[in-house]
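Undergrad: Sequence and predicted structure, then a few things I'm wondering about:
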Amino acid sequence: MRDCWTNRAGFDRVLMAVAATFLAVSATSALAAQSDTPRASAAELAIDAAVPRPEPANVPPPSPGDFKTDATASVPDAAKATESKATEKTPEPSTTAKAADPKPAEIVTAPAAATNDTATPAPAATATAPAAEPAKEPAKAASNVAPADQPVADKLRDMFGSKSLRYFDRKNERAAVEKFYSAREYAPLWTQAGQLTASAKGVIARLKDAAAEGLNPTDYPLPDFAAATSPDQLADAELKLTDSMLDYARQAQSGRMHWSQVSADILYPEHPTDTAEVLANISAAKDASAALDGYNPPHKLYKELKAKLAELRGQGDGPVVQIADGPALAFKAGTKKQPRVAIEDPRVPQLRAKLGITENADDTHYDAKVAEAVRKFQESVELKPTGVLDDRTVKAINSPKRDKQIDTVIVNMERWRWLPRQLGAANVGNAYVILNIPDYTLKVMQNGAQVWTTRVVTGKPGQHATPLLTETMKFITVNPTWNVPPSIIYNEYLPALQQDPTVLQRMGLKLERNRDGSIHISQPPGEANALGRVRFNFPNKFLVYQHDTPDKNLFAKDERAFSHGCMRVQYPDQYAATLLNITMPEKNYSPEKIRSMYGQSEIDLKFPTPIPVNITYQTAFVDDAGKLQIRKDVYGRDATMLSLLKGGRSKDLENMVAHSQPSYSRPPGSSLPAGVSFASDTSSSSGPSFFERLFGGPSRPSPPAPVGRRPQQQRVITR
């Protein structure tokens, strides 16, 4: 028994050392909790006092390498999984070998798991973890820039880092260009090892040929890559060509001038280029020249003008042909009593060459073909179109009028850039309406072909000019009420009331006062209505539309600028049937069906698919026979544009100009003359707005026409 206790004494010493270590590790926690958690009993205090406490300096703090988890210990699943992976990676030495003849000073035991009071402490480990290796710096990614281009790339990086970068005027443009070059690690796009790439050659060729598109090549300066030998010079040339390329793409698509620079009555949808898209498109294209050319208008009429521009410029390559003075030449068509007369003159072959007549080029007879060519030339230069070659015509032919024709073609090409790239509605065969103001014609197009055409009357020059715009026609109104536009009310009808208070009543017009004090004048539907029987509605800020008219005689005139801005259509029933058959082919509308709806009540025929309406100003266009047609600049748009283009303001022309719009919300005077008769007083209710009245709201019966004298159509002022 004594031997047993003697052997036990060594074990007790080991046990006391373990307890001392445990108490040293948890001393801080025990002291902190002493005030809050009293000892369970005096016996425990006595035991603590009997345990010898080692000096803190003799007990180093344990490290993770001092512990080894026993296989039989209770360990949470996550801890087991971690230990299992560690064991697979680094096999531990035999536990038996470690445990043989342990030395008390080397034994450090981890505290038991807090989640299991009965868990067996893990046996101590004698091995320690090796020291961690110092962290290595991440390897620098290899550059994708070719070594020969790296100096240029470094220079480009420095240039974009500088605040004084002077190549790109627009802030958004500079940011997009910098992002583009940053994504390619500033590798140059236009050169490789100092030599021009295929993309650069294509872009340079396109910029040199800018005049073929009616653009000015000097607006797109080209750097001298041949003289660029250093990285600085190559980087400078790189950004200059990028800048010129972006300028070309932007102006080719949207025009050299913003339409608002020309007039306040122009409104087209914006379609600017996206700098990032242009850079991505050109850099990825197999043919950079063709890709850059794609920013020019795709329209057939634009391409026809481009071809005519080339022809006009080609005529100036050879010697200038001058027509000599001589007697007047005229062609007289034959009659039953008198044969036709085609005068012979030695100047006629030269005249044929000058006017582009290739048939019978050497014929000296002034025949019908020559006379017709002379007549068309006279029209183009605003001479009386007689077909007679007189002194004024000879002088006009010999003067540099060809330059004027070139300018006219160029400004018309410029206006095509303002129009949307997609003129029509795609789901109805790209159908659209296009109205040419100087030619006084309206055409309905579908699937790239003309479906129908008619003559129109347009606005007078000046403040009543028909605006240029693109909108969508949403419905047709049969038997429309004419809601007089505010401009006519306050500028013309109210002054007329001062002269004759009964004038509106005698004209069949209804006068009302709106809730806000403004005046509303309207004319009920009927045969005498100023809008005729049909109105074509495409809501727009200018409050204009297309409509029928009782004044059919104006369509017989060659120049038909007579309205207050709206467009009068010669055959509205055919026009309506054409549009309705495009949008609703299953309904089988006909002009007769439209006319059967004529009556006293408004009828709205809504389109399932709105039809775009493009109002244009084409003083130069190519007709169906392939001949260039020139029309009178009735609104002076050509002259304004040429003045701007020759003014040298360059990129300033691309900025939008804000125009103040006239307000007609209230009459200029505070009172109306005595004796004015109001049809009704609507001051107690708001009623439909003028815009709703003009372009339609819910259909409602119209009041009967006033009884009395038949309205005098010549006295009604219409849009």
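TA: Right, received. Where do you want to start? Computed from a prediction, not measured in an experiment: that's the story for all the values here.

Undergrad: now the strands for the stretch 151-300 of the chain?
TA: 191-192, 195-196, 266-267 (DSSP state E, counting those that start in this stretch).

Undergrad: Tell me how far Pro485 lies from Asp500.
TA: 21 Å (CB to CB, to the nearest Å). For every residue, glycine as well, the C-beta is placed using N, CA and C.

Undergrad: Have a look at the two and say which one is more surrounded.
TA: Taking neighbours as other CB atoms under 10 Å, Pro485 and Asp500 compare with Pro485 leading, 22 against 12.

Undergrad: What pLDDT does the model give that one?
TA: Looking at Pro485, its pLDDT stands at 81.

Undergrad: Grab the nearest non-local neighbour of it.
TA: Leu543 (5.4 Å; CB to CB, 6 or more residues apart in numbering).

Undergrad: sec struct for that neighbour, please.
TA: Three-state assignment for Leu543 (DSSP: H, G, I helix; E, B strand; the rest coil): coil.

Undergrad: Over to Phe607?
TA: Secondary structure state of Phe607, per three-state DSSP, is strand.

Undergrad: Bridged to Ile603, which residues?
TA: Val478 (DSSP bridges).

Undergrad: Let's have the strands of the stretch 151-300 of the chain in TSV, adding distance to Asp390.
TA: Formatted as TSV, these follow (distance: least, CB to CB, whole Å):
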stretch	distance to Asp390
strand 191-192	61
strand 195-196	57
strand 266-267	39
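
Undergrad: and Val381, which of those is closest to it?
TA: Val381 lies closest, by CB to CB, to one member of the strands of the stretch 151-300 of the chain: strand 266-267, at 26.4 Å.

Undergrad: Counting by contacts, list what that closest one packs against.
TA: Using 3 or more CB pairs under 8 Å, 6 or more residues apart in numbering; DSSP states H and E, the elements in contact with strand 266-267 are strand 468-478.

Undergrad: What is the strand it packs on packed up against?
TA: strand 266-267, strand 534-537, helix 572-583, strand 603-616.

Undergrad: how far away is the residue nearest to Pro485 from Thr481?
TA: Counting by CB to CB - Leu543 and Thr481 are separated by 15 Å.

Undergrad: Looking at these two, which has the bigger crowd around it?
TA: Thr481 (22 against 19).

Undergrad: That one and Glu471: what is the separation?
TA: With CB to CB as the criterion, Thr481 and Glu471 are 21 Å apart.

Undergrad: What about the nearest residue to Arg256 once chain neighbours are set aside, how many residues nearby?
TA: Spatially, and ignoring its direct neighbours in sequence, Arg256 is nearest to Leu653 (6.0 Å; CB to CB, 6+ apart). Burial of Leu653 is recorded as 19 neighbouring residues (other CB under 10 Å).

Undergrad: Tell me the pLDDT of Leu653.
TA: 92.

Undergrad: which residues does the most centrally placed residue in the chain contact?
TA: Central residue of the chain (CA atoms, centre = their mean): His271, 3.1 Å from the mean position. The contact partners of His271, taken as CB atoms under 8 Å, 6 or more residues apart in numbering, are 253-254, 420-421.

Undergrad: Out of the residues you listed, which comes closest to Ala288?
TA: Using CB to CB, the contacts of His271 come closest to Ala288 at Gln253, 16.2 Å.

Undergrad: so that closest one touches Pro272, yeah?
TA: Yes - using CB atoms under 8 Å, Gln253 is in contact with Pro272, at 7.4 Å.

Undergrad: how many other residues sit next to the closest residue to Ile204 other than its chain neighbours?
TA: Among residues not flanking Ile204 along the chain, Leu222 sits closest, at 5.9 Å (CB to CB, 6+ apart). Residues lying near Leu222 (other CB under 10 Å) number 14.

Undergrad: domains of the chain?
TA: 2-106, 147-296, 406-715 (automatic domain parsing).

Undergrad: what about the second one, distance to the chain center?
TA: Averaging C-alpha positions (CA atoms, centre = their mean, to the nearest Å) puts domain 147-296 19 Å from its chain's average.

Undergrad: Verify the stated contact: Ala200 with Leu241.
TA: Yes - in this structure, Ala200 is within contact of Leu241 by CB under 8 Å, at 6.7 Å.

Undergrad: So, low pLDDT: which residues of the chain?
TA: 1-142, 315-321, 400-402, 648-650, 661-671, 680-719 (pLDDT under 70).

Undergrad: which stretches of the stretch 451-600 of the chain form strands?
TA: Going by DSSP E, counting those that start in this stretch, the stretch 451-600 of the chain shows strands at 468-478, 482-483, 510-513, 519-523, 534-537, 546-547, 561-563, 567-569.

Undergrad: Can you add mean neighbour count and distance to Phe607 and give those strands back as a markdown table?
TA: A markdown table is the format used below for the strands of the stretch 451-600 of the chain (neighbours: other CB atoms under 10 Å; distance: least, CB to CB, whole Å):
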| stretch | mean neighbour count | distance to Phe607 |
| --- | --- | --- |
| strand 468-478 | 21 | 6 |
| strand 482-483 | 22 | 21 |
| strand 510-513 | 19 | 29 |
| strand 519-523 | 20 | 25 |
| strand 534-537 | 26 | 10 |
| strand 546-547 | 24 | 14 |
| strand 561-563 | 20 | 24 |
| strand 567-569 | 25 | 17 |
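
Undergrad: Serialize the ones you listed to TSV and add fields for distance to Ala183.
TA: TSV is the format used below for the strands of the stretch 451-600 of the chain (distance: least, CB to CB, whole Å):
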stretch	distance to Ala183
strand 468-478	36
strand 482-483	56
strand 510-513	64
strand 519-523	60
strand 534-537	49
strand 546-547	50
strand 561-563	54
strand 567-569	50
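
Undergrad: Asp604: which of these is closest?
TA: Nearest to Asp604, of the strands of the stretch 451-600 of the chain and by CB to CB, is strand 468-478 at 5.2 Å.

Undergrad: can you give me how far that closest one is from the chain middle?
TA: Here strand 468-478 shows a centroid-to-chain-centroid distance of 22 Å under the convention CA atoms, centre = their mean.

Undergrad: With stretch 302-318 instead?
TA: From the chain centre to the centre of stretch 302-318 is a distance of 30 Å (CA atoms, centre = their mean).

Undergrad: Next: stretch 582-592.
TA: 34 Å.
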